[in-house]
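K.L.:
I'll drop the sequence and a predicted model, then ask my questions.
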Amino acid sequence: MRFHVVGLGSVGSLFAFHLRRTLSEDHPISIIIRNRKRFLQPPNASTPLFVEKSSEVSNVRGFEWDEMDALENRISNLVFDESGGVRNMFARVDDGFEHRRFNRYREEQMQKNRNSTTSLSSTSRSSTLSGGRFRDNSTKIESLFVATKAFQVIPVLQQLRPRMSSSTTIVLLQNGMGIYEKVINELFRNPDERPHFVLASNTHGAWLRKPLHTVHAGDGDLRFGIVPDPQGRDFEASTRSAEAGVRTRALSLDDIAPPAFPTRPSALPTSTLQSNASSPPSLTSPDTRYASLRATIRLLLSLSELNPVWETAENMQTRLRQKLVVNSVINPLTALMGCRNGDLFLWPSAHRIAKAVCNEASDVFKAQTLRHSNVNLSDSTTRHRYANIELDEVNILLPRELRSRELHLRCRKVSKQTADNFSSMLVDMRKGGQTEIDFMNGYLHRAGLEYGVRTPTIDALLWMVKLKKSMPNVAIDYYPHLKN
Ligand SMILES: CC(C)(CO)[C@@H](O)C(=O)[O-]
């Protein structure tokens, strides 16, 4: 079975490295790159990926490289009007230099595009140019690890969608929350045609020394959970099994699909999970639809150096929310202050801001939990009781990890564990690129509005990051006397 990886930042590179090291050579790994011009030499099967850990550098080779057409890639985010002119632009740019260069020649490219896509502009009022525009690759995608930035997921999946089906498995590895919901709403509304989704949360510290060379700076873990099946298959049946004793109830690959078809599991790494299914399904079995999901989960479990943990869907939601808060504290504060993660909590003011964010986020989670719990608010006594209580009293319904104090402790712990790192948001901002703030503080802000919870500190950080990103950093140059 073939696995694809898209997004070759620090996390994507670390993943691709460990996938290649773990999988037998019978299983090709294709790295989808968005622009070969970013490489000094076009990559090929002997192009290595390097990972540096504790000053020791290792490398692996043997990848296949899929190239998204650079021009198609850029123009796929342009929305054209009837005359072929640009109506709106969601240009995905990697840094300020790319942006400026892109601006310089976009008119020329657009002109070429207008000439070659007249039918597009004449048939629709407003269309996006997208959909499988790979120059020379149309391989079907069975399993895809998406390690791009959160804001790149939609355009990238939009382009790859023609190569996917309801049997494909997509692993989302982004920081932040709300990405899966956006993907479903914008790209896969029909549950019958929807691929399988796995949500993952990575806490390993990693940064790119240069393209294709990742520094694995701090050990963390890799938690992942399968999004419940719209077709109703229960991926967690074994955890509820009446036959198994409480101690032996665990997630089982056999709840996803029986083994041995069609992924030649002898060629996959040996899973620590034992299979107890009797016989492989037939060629026409509906289990073929779930084969890539089983193989992907099995592969994730075998990435032992990344400390993988398969979580139930419910536990995964807790993990994702916990990480969301850590990111909503550390990322904007380090990006605004221009400091390393470990510098933050040396200062009482940072603690105050972090505590306020954790309180607000925990209140949002309590309100969400209350709304989705079994508390029957149509019952007037219960409604009266809950209408008058402080959100604190709902603590009992909230997983311990999402209580304010625990969240604050978690922020401090991550800041310490990644003390020498520059956060991804600080790096994005310094490169002049887009940040993931809309999927971090932005997600909590929107949830606060939806559940009627005020989030003033979360919002202030959100607007300040946006302000910092948009305001040119020149003011001081106009007033030289202020520099002394
Ligand atoms: C947690 C975090 C801030 C640690 O570096 C990381 O998720 C990041 O940089 O986004």
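P.N.:
Everything's here; your move.
K.L.:
hey, what's Ser58 bridged with?
P.N.:
Val51 (DSSP bridges).
K.L.:
residue contacts, it?
P.N.:
17, 50-52 (CB atoms under 8 Å, 6 or more residues apart in numbering). Every C-beta, even on glycine, is put in place using the N, C-alpha and C of the backbone.
K.L.:
could the residues you listed go into JSON lines alongside neighbour count and distance to the ligand?
P.N.:
Formatted as JSON lines, the contacts of Ser58 follow (neighbours: other CB atoms under 10 Å; distance: CB to the nearest ligand atom, whole Å):
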{"residue": "Phe17", "neighbour count": "23", "distance to the ligand": "19"}
{"residue": "Phe50", "neighbour count": "16", "distance to the ligand": "20"}
{"residue": "Val51", "neighbour count": "24", "distance to the ligand": "17"}
{"residue": "Glu52", "neighbour count": "17", "distance to the ligand": "17"}
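K.L.:
and those as CSV, adding pLDDT?
P.N.:
Converted to CSV, the contacts of Ser58 look like this (pLDDT from 0 to 100):
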residue, pLDDT
Phe17, 98
Phe50, 97
Val51, 97
Glu52, 97
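K.L.:
Arg161: which of these is nearest?
P.N.:
Nearest to Arg161 among the contacts of Ser58: Phe17, at 26.9 Å, using CB to CB.
K.L.:
after the lowest-mean-pLDDT helix or strand in the chain comes which helix or strand?
P.N.:
For the chain, counting by mean pLDDT, DSSP states H and E, strand 127-128 ranks last in confidence among helices and strands (a mean of 28). Remark: after strand 127-128, the chain's next helix or strand is strand 143-146, criterion DSSP states H and E.
K.L.:
Name the residues of the chain found near the ligand, please.
P.N.:
175, 205, 326-327, 330-331, 341, 414, 418, 421, 423-424 (CB under 6 Å from any ligand atom).
K.L.:
What ranges in the protein fall below the confidence cut-off?
P.N.:
Residue ranges of the chain with pLDDT under 70: 69-138, 244-248, 260-286, 374-396, 472-480, 482-484.
K.L.:
50 - rerun?
P.N.:
The chain contains residues with pLDDT under 50 at 70-106, 109-110, 113-136, 262-267, 270-283, 388.
K.L.:
Map the structural domains onto the sequence of it.
P.N.:
3-68+134-226, 313-470 (automatic domain parsing).
K.L.:
And these: which comes nearest Ser292?
P.N.:
domain 3-68+134-226 (4.5 Å).
K.L.:
can you give me the offset of the closest one from its chain's centre?
P.N.:
10 Å (CA atoms, centre = their mean, to the nearest Å).
K.L.:
try stretch 321-328
P.N.:
Computed by CA atoms, centre = their mean, the chain-centroid distance of stretch 321-328 equals 13 Å.
K.L.:
can you check stretch 317-334 too?
P.N.:
13 Å.
K.L.:
Now, the residues of the chain next to the ligand that are in strands?
P.N.:
Using DSSP state E, the subset of these located in strands is Gly205.
K.L.:
Output the residues of the chain next to the ligand as a markdown table; include the columns neighbour count.
P.N.:
Shown next, in a markdown table, are the residues of the chain next to the ligand (neighbours: other CB atoms under 10 Å):
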| residue | neighbour count |
| --- | --- |
| Asn175 | 23 |
| Gly205 | 19 |
| Val326 | 25 |
| Asn327 | 24 |
| Ile330 | 26 |
| Asn331 | 26 |
| Asn341 | 25 |
| Val414 | 22 |
| Thr418 | 24 |
| Asn421 | 23 |
| Ser423 | 23 |
| Ser424 | 22 |
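K.L.:
what's the host helix or strand of His18 packed up against?
P.N.:
Assessed by DSSP H and E, His18 sits inside helix 10-22. Packing partners of helix 10-22 (3 or more CB pairs under 8 Å, 6 or more residues apart in numbering; DSSP states H and E): strand 3-6, strand 29-33, strand 49-53, strand 56-60, strand 143-146, strand 205-210, strand 213-218, helix 291-302.
K.L.:
and if we set it to 7 Å?
P.N.:
strand 3-6, strand 29-33, strand 49-53, strand 56-60, strand 205-210, strand 213-218 (3 or more CB pairs under 7 Å, 6 or more residues apart in numbering; DSSP states H and E).
K.L.:
what angle sits between the last one and helix 10-22?
P.N.:
The one in question is strand 213-218. With axes from the mean of the first three to the mean of the last three CA atoms, to 10 degrees applied, the angle from strand 213-218 to helix 10-22 works out at 90 degrees.
K.L.:
Strand 213-218 pairs with which strands, parallel or anti?
P.N.:
Applying DSSP bridges, one finds strand 213-218 paired with strand 49-53 (parallel), strand 205-210 (antiparallel).
K.L.:
helices or strands up against the next helix or strand after it?
P.N.:
Using DSSP H and E, the helix or strand that directly follows strand 213-218 along the chain is strand 222-226. On a contact count with 3+ CB pairs under 7 Å, 6+ apart, strand 222-226 meets strand 196-202, helix 291-302, strand 308-310, helix 313-337.
K.L.:
Show residues contacting strand 222-226.
P.N.:
Residues from elsewhere that reach strand 222-226 (CB atoms under 7 Å, 6 or more residues apart in numbering): 196, 198-202, 235, 293, 297, 300, 303, 306-313, 315-316, 319.
K.L.:
For ChimeraX, write a command that selects the buried ones of those residues.
P.N.:
Here is the ChimeraX selection string for the buried members of the contacts of strand 222-226, based on 16 or more other CB atoms under 10 Å:
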select :196,198,199,200,201,202,235,293,297,300,303,306,308,309,310,311,316,319
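K.L.:
Identify the residue nearest the residue nearest in space to the middle of the chain in space, chain neighbours excluded?
P.N.:
Centroid check for the chain by CA atoms, centre = their mean gives Gln174 as the closest residue, at 1.8 Å. Excluding the flanking residues, the one nearest Gln174 by CB to CB, 6 or more residues apart in numbering is Ala150, at 4.3 Å.
K.L.:
Now stretch 4-12: buried residues?
P.N.:
4-12.
K.L.:
To clarify, my last question referred to stretch 26-46.
P.N.:
Quick answer for stretch 26-46 (16+ other CB under 10 Å): 27-34, 43.
K.L.:
Stretch 352-367 too?
P.N.:
Residues of stretch 352-367 classed as buried by neighbour count (16+ other CB under 10 Å): 353-367.
K.L.:
Can you tell me which of the buried residues of stretch 4-12 is closest to Phe63?
P.N.:
Scanning the buried residues of stretch 4-12 for proximity to Phe63, where the rule is CB to CB, the winner is Val5, at 8.5 Å.
K.L.:
for the closest one, what are its contacts?
P.N.:
So Val5 contacts 12, 15-16, 19, 29, 31-32, 145, 147 (CB under 7 Å, 6+ apart).
K.L.:
of all of the stretch 151-300 of the chain, which residue lies closest to the ligand?
P.N.:
Using CB to the nearest ligand atom, Asn175 is the residue of the stretch 151-300 of the chain that sits closest to the ligand, at 5.0 Å.
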